[in-house]
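Trainee: sharing a model that was predicted from the sequence below.
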Amino acid sequence: NVNRNALGVEVTKCIGNRQLRKRIHVNVAHLRKSRCNESFLKRVKENDQKKRDAKLQGLTAVVKRQPEGPKDMKIVKATEDDVVVLAPLPFIENHF
């Protein structure tokens with residue numbers, strides 16, 4: 001819903017164990033355009049360009065995303081003085 005100086009917006013509100021969709025009017029000065037789709041659209045354009053370039057060269061382009069995978073190994077060096085061994089305190093019976 002669009003008015004002279006306000007815009008109708010749907011907001012989710014948590015009530016108990018569910019989310020209700022509430023419709024409210026918000027002043028245009030308090031709104032900004034969502035940017036959640038930008039990276040997807042950028043990736044689509046890049047993939048299309050890769051496909052076009054590969055087609056001209058007679059190759060097939062791999063445009064699937066690959067998972068990041070595990071991080072590289074690190075070796076931590078420490079001297080004997082830096083190492084602290086944590087152990088529980090011994091139990092002491094106190095019968096008064």
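Mentor: Structure received.

Trainee: check what pLDDT the spatially most central residue of the chain gets.
Mentor: Residue closest to the average C-alpha location in the chain (CA atoms, centre = their mean): Cys36, at 10.9 Å. Cys36 carries a pLDDT value of 94.

Trainee: can you give me the distance of Lys55 to Arg43?
Mentor: 19 Å (CB to CB, to the nearest Å). Where you see a C-beta, it was placed from the backbone N, CA and C, and this is true even at glycine.

Trainee: do Leu89 as well
Mentor: 56 Å.

Trainee: looking at the two, which one has more neighbours?
Mentor: Arg43 (12 against 5; other CB atoms under 10 Å).

Trainee: neighbouring contacts of the helix or strand hosting the more buried one?
Mentor: Here Arg43 sits within helix 38-57, counting by DSSP states H and E. Helix 38-57 is contacted by residues Thr60, Ala61, Val63 when judged by CB atoms under 8 Å, 6 or more residues apart in numbering.

Trainee: run a quick check on Lys22 versus Ile15, I expect a contact.
Mentor: No: the criterion here is CB atoms under 8 Å, and Lys22 misses it with Ile15 at 9.6 Å.

Trainee: what residue ranges in the protein score low on pLDDT?
Mentor: Within the chain, no stretch has pLDDT under 70.
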